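K.L.:
Compute the structure for the input listed below.
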Amino acid sequence: MTRYGRRLPTLVSNIAIADLEVKAASLEASRANLERRRAEVESQIREEVLALVLDYEAAGRQAALVESQERQSQHPTAASGN
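P.N.:
Purely as a prediction, here's the structure:
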């Protein structure tokens, strides 16, 4: 038997195990990065939706104000109570 005859299978197994552990760690790091990125995208989308809702509400208030001003300019006596 060679010098590594009996230890060779163990050595190969240890290398294979170490390789799998490195791959597992790499996958775990990738998963963590994906989760972090997902959280960033969710936060960005929430901010964009909130901005759109606020813009929509502001536009509604502006439209109501313009309509009110138009009604007052068409019927100035109704606005003054005379």
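K.L.:
in this structure, which spans are strands?
P.N.:
Secondary structure of the chain, counting by DSSP state E: no strands present.
K.L.:
what's the longest helix in it?
P.N.:
helix 7-74 (DSSP state H).
K.L.:
model confidence over it, on average?
P.N.:
Helix 7-74 carries an average pLDDT of 96.
K.L.:
which other helices and strands contact that helix?
P.N.:
In terms of contacts (3 or more CB pairs under 8 Å, 6 or more residues apart in numbering; DSSP states H and E), helix 7-74 is packed against helix 76-80. The C-beta positions use only the backbone N, C-alpha and C, and glycine is treated the same way.
K.L.:
how about a cut-off of 6 Å?
P.N.:
Packing partners of helix 7-74 (3 or more CB pairs under 6 Å, 6 or more residues apart in numbering; DSSP states H and E): none among the helices and strands.
K.L.:
roughly how far is it from the heart of the chain?
P.N.:
Remark: helix 7-74 is offset 1 Å from the chain centroid, using CA atoms, centre = their mean, to the nearest Å.
K.L.:
Could you do stretch 59-77 as well?
P.N.:
With CA atoms, centre = their mean, you get 40 Å for stretch 59-77.
K.L.:
shift numbering so it begins at 8
P.N.:
Renumbered: residue one is now 8, and that last one reads stretch 66-84.
K.L.:
Which positions in that stretch come out as buried?
P.N.:
For stretch 66-84, burial by neighbour count (16 or more other CB atoms under 10 Å) applies to no residue.
K.L.:
Okay then, goodbye and thanks.
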